[in-house]
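Participant: Sequence plus the predicted model coming up.
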2 protein chains.
Amino acid sequence: MPDQLTIGLLGGTGPQGRGLALRMALAGHRVLLGSRDPERAAAVVADLLGGRDLPIWGVANRDAAEGADVVFLVFPFAGQAEMLPGLAGAIGAKVVVDVINPLGWDEAGPRLLEVPEGSAAEQAQALLPAATVVAAFHHAAPRLLADPDREVETDVLVAGDDQAAKGLVAELADQIPGCRGVDAGPLRLARQLEGFTAVIVVVNRRYRIHAGLRISRLGDDKRRRVNADLRPAGAREEGS
Amino acid sequence: MPDQLTIGLLGGTGPQGRGLALRMALAGHRVLLGSRDPERAAAVVADLLGGRDLPIWGVANRDAAEGADVVFLVFPFAGQAEMLPGLAGAIGAKVVVDVINPLGWDEAGPRLLEVPEGSAAEQAQALLPAATVVAAFHHAAPRLLADPDREVETDVLVAGDDQAAKGLVAELADQIPGCRGVDAGPLRLARQLEGFTAVIVVVNRRYRIHAGLRISRLGDDKRRRVNADLRPAGAREEGS
C-alpha cells in the first residue's frame, strides 16, 4: 500500500464519515469528504478541522468518488440504492468499503432490515459491478472515531471476495489507534457484520458505553503474519 | 439463583454439550446430559468424566428435560424442529437456553441457513410456547469448554425477552472461568448471535485459533452492576 492514499467518503457528513475522515487524515492520507451538497460538505469539514491542519476537503460525492483511490460508503442505508447508480461511473473499478448498517428502529430497539441482495455490501456490489466491494468498519464507534484523543478499541472485521482488497482495508484499519483489521471471510458474511451492529447498539444502550468488539485469542503477531498474506497486489485466492 | 441447579443438556453428546456439561458441573451444578440414546449418553459421560468425580449423568433427552431446572438445547439445528415437539411436555415452563447455530456448509465455508421464525431460538420459542427461551453461548469454543485447564475467553451474549431468565443465564456464564454474561437485547436479535458464529468459524480457520469475542470498553464492575438489575426473580421489564 502506498504511504498516502486519497480516501473518498461518500455521504461523509454524518458522525461515521466525520470520524473516519479524521482518522484517515491523521494516518497520513488525503481525504475527500463527499456530500450531495458540496457546500454542506465544506461546512462540515471546516467544523471538523476546527483550525487543525489536516488534508480533508469537503466536495460533492461525485468528485469524492472520482478523485479517490479508495471509496468508503457511509451514507444511510436508504440512500445507497438511490445514490450508487449515479455514482457507478465515477467509482469505476476502485476498492469500495461499505460501512453501511441496514438497521431499522421501533419501540423494541434496532433491528436488521431485509436486503434482497443479502446485505448492504452485496447490494453495493450488485450496483457497482466493476468495483471491488469490501464490508468493514461497522463496529467502530463514531463518537470515538471523532475524538483523536481516544482509542477506538475495536477489531475491524473485513468481509470480501478479493483478498488484496481485504488486505488493503485491514491495513487501513491498523492505522487507527486501537483498531485491528481481521479477515472475516467472503462478502456473503457481510450480513453478519452488519447485523452485529444491532447487538452493539443494544449493548451501548444497556451498559451506557461506546462498545466495540474484539476477537479473543487472536494474538497480534499472528494476526499481522496472516494478514500479510492477504496483500500480494492483484493476487486472488479462492475460498478462505 | 440457587447455588446448585440441575442443568439438562438436550442432544448433549456433541463437543458443545460435553464442554458445557463439564463447565456447569465444575461450577457446582448437577448435569443431566441427554441423548436420544441413553446408552450413548452414558458412554459419553463415562468418557468425559475419565474417573473425575463430578455430578454428570447420561440419560434420555426426555429425562434430562424433566429432571432439569434449566434446559440447554445443544443438538444440531436440523434436529430442533424434529425433536422439540415431542419434548415440549417434559420441558414445560422452564428456562430454555438455545445454543444452536443454524449453519450450512459449502465450498466457500459456513453460511447462515434461513429459518422461517427468524432464528433457531425463535423457532424453539414457537415450538415451546410455555417455556422461556433465551439464546446464548454460541461463541464459546467447544474445544476450550472441554478442557478445564484452559479459560474460554469469550463474552456470552444473551438475547431474550424475559429479563429474569437472561439474568439467570448471564450468571451461569459468569461461573465459567473466562466467560462474561452480557445482555444482548431481545430474542429477535438471536439471529445476529447465531450468524456471528459463521464469522468466528471463518476467523478460526483463517488464523488457526479458537476465537471468542469480547465486547470492548465494557468494564466488569459496570457489567455486573447492570446485570444485577436483570435478576429480580420473576420481574420482567419491557424493552431493553
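Facilitator: Looks like it came in fine.
Participant: and the longest helix belonging to chain A with chain B, contact?
Facilitator: Using DSSP state H, we find that the single longest helix of chain A is helix A:190-207. Yes - contact check for helix A:190-207 against chain B, using Cβ under 8 Å from any Cβ of the partner chain: residues in range are A:191-193, A:195-196, A:198-200, A:202-203, A:205-207. Every C-beta, even on glycine, is put in place using the N, C-alpha and C of the backbone.
Participant: Buried residues, that helix. List them.
Facilitator: Of all the residues in helix A:190-207, those buried under the rule 16 or more other Cβ atoms under 10 Å in any protein chain shown are A:190-204, A:206-207.
Participant: Could you check how far it is from the centre of its chain?
Facilitator: Relative to its parent chain, helix A:190-207 has a centroid offset of 16 Å by Cα atoms, centre = their mean, to the nearest Å.
Participant: Pull the contacting residues for the residue nearest the centre of chain A.
Facilitator: Most central in chain A under Cα atoms, centre = their mean is residue A:99, positioned 3.9 Å from the mean C-alpha point. Taking Cβ atoms under 8 Å, 6 or more residues apart in numbering or on different chains as the contact definition, residue A:99 lies against A:16, A:20, A:72-74, A:135-138.
Participant: Over to it: give its phi and psi.
Facilitator: According to degrees, to the nearest 10, the main-chain angles of residue A:99 amount to phi -100, psi 0.
Participant: nearest spatial neighbour of it, skipping sequence neighbours?
Facilitator: The spatial neighbour of residue A:99 that comes closest, neighbours along the chain excluded (Cβ to Cβ, 6 or more residues apart in numbering or on different chains), is residue A:137 at 4.6 Å.
Participant: still on that earlier bit, Throw the contacts of residue A:99 into a markdown table and include pLDDT, neighbour count and secondary structure, thanks.
Facilitator: Conversion of the contacts of residue A:99 to a markdown table gives the following (pLDDT from 0 to 100; neighbours: other Cβ atoms under 10 Å in any protein chain shown; DSSP: H, G, I helix; E, B strand; the rest coil):
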| residue | pLDDT | neighbour count | secondary structure |
| --- | --- | --- | --- |
| A:16 | 95 | 25 | helix |
| A:20 | 98 | 27 | helix |
| A:72 | 98 | 31 | strand |
| A:73 | 98 | 29 | strand |
| A:74 | 97 | 27 | coil |
| A:135 | 98 | 33 | strand |
| A:136 | 98 | 27 | coil |
| A:137 | 98 | 29 | coil |
| A:138 | 97 | 25 | coil |
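Participant: would you list those in CSV and tack on distance to residue A:216?
Facilitator: Listed next are these as CSV, based on distance: Cβ to Cβ, whole Å:
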residue, distance to residue A:216
A:16, 25
A:20, 25
A:72, 28
A:73, 29
A:74, 28
A:135, 22
A:136, 20
A:137, 20
A:138, 19
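Participant: out of those, which one sits closest to residue B:127?
Facilitator: residue A:138 (32.3 Å; Cβ to Cβ).
Participant: other SSEs contacting the helix or strand that comes right after the longest helix of chain A?
Facilitator: The C-terminal neighbour of helix A:190-207 among helices and strands, as given by DSSP states H and E, is strand A:212-216. Counting contacts by 3 or more Cβ pairs under 8 Å, 6 or more residues apart in numbering or on different chains; DSSP states H and E, strand A:212-216 is packed against strand A:154-160, helix A:190-207, strand B:212-216.
Participant: what angle sits between the first one and strand A:212-216?
Facilitator: Looking back up the chat, that one is strand A:154-160. Orientation note: strand A:154-160 sits at an angle of 80 degrees relative to strand A:212-216 (axes from the mean of the first three to the mean of the last three Cα atoms, to 10 degrees).
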